[in-house]
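A.B. asks: below is the sequence, then the predicted model.
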Amino acid sequence: MIKKTAAEMAEALAKKEISSVELTEQHFSRIKEVDGKVKAFLHLDTDGALAQAAAVDKKRAAGEKLAPLAGVPLALKDVLTQKGIPTTCGSKMLEDRKSTRLNSSHANISYAVFCLKK
């Protein structure tokens, strides 16, 4: 499922072929397999992503109307701020910096998808 497009993942979620928690776990599993070599991610928000996935699954089960990409995991570039998550811009000088606000471009999409990594 992780090699599907976001639209295909969203369709599978809407059809309840997979839950958002399962899809998120698949992404984390793949990251764990390959990131030691590719070093694509600086921070994984495992707890936050799984909590958001569970919340989407609960809303879907309750029949709530959801955004088209609800429950689809998303990776953010490390220059976009996410409240409480490290934003280093790839710099060791900023490695202990945690943002206190949400980047406006991220705010526009956060209602639909959630971030699992940077």
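C.D. replies: Done, it's in.

A.B. asks: now do the buried residues in the longest helix along the chain.
C.D. replies: For the chain, the helix with the greatest residue count under DSSP state H is helix 20-38. In terms of neighbour count (16 or more other C-beta atoms under 10 Å), helix 20-38 has its buried residues at 20-21, 23-25, 27-28, 31. No exception for glycine: its C-beta is placed from N, CA and C like everyone else's.

A.B. asks: a markdown table for those, including pLDDT and distance to residue 55?
C.D. replies: As requested, the buried residues of helix 20-38 are arranged in a markdown table below (pLDDT from 0 to 100; distance: C-beta to C-beta, whole Å):
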| residue | pLDDT | distance to residue 55 |
| --- | --- | --- |
| 20 | 95 | 9 |
| 21 | 95 | 10 |
| 23 | 96 | 14 |
| 24 | 94 | 11 |
| 25 | 95 | 15 |
| 27 | 94 | 17 |
| 28 | 92 | 17 |
| 31 | 92 | 21 |
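
A.B. asks: looks to me like residue 69 is in a helix.
C.D. replies: No: under DSSP: H, G, I helix; E, B strand; the rest coil, residue 69 falls outside any helix and is assigned coil.

A.B. asks: that one and residue 92: what is the separation?
C.D. replies: Between residue 69 and residue 92 the computed distance is 34 Å (C-beta to C-beta, to the nearest Å).

A.B. asks: between those two, who's got more neighbours?
C.D. replies: The residue with more neighbours, out of residue 69 and residue 92, is residue 69; 18 against 7, by other C-beta atoms under 10 Å.

A.B. asks: isn't the more buried one up against residue 5?
C.D. replies: No: assessed by C-beta atoms under 8 Å, residue 69 is found out of contact with residue 5, at 10.8 Å.
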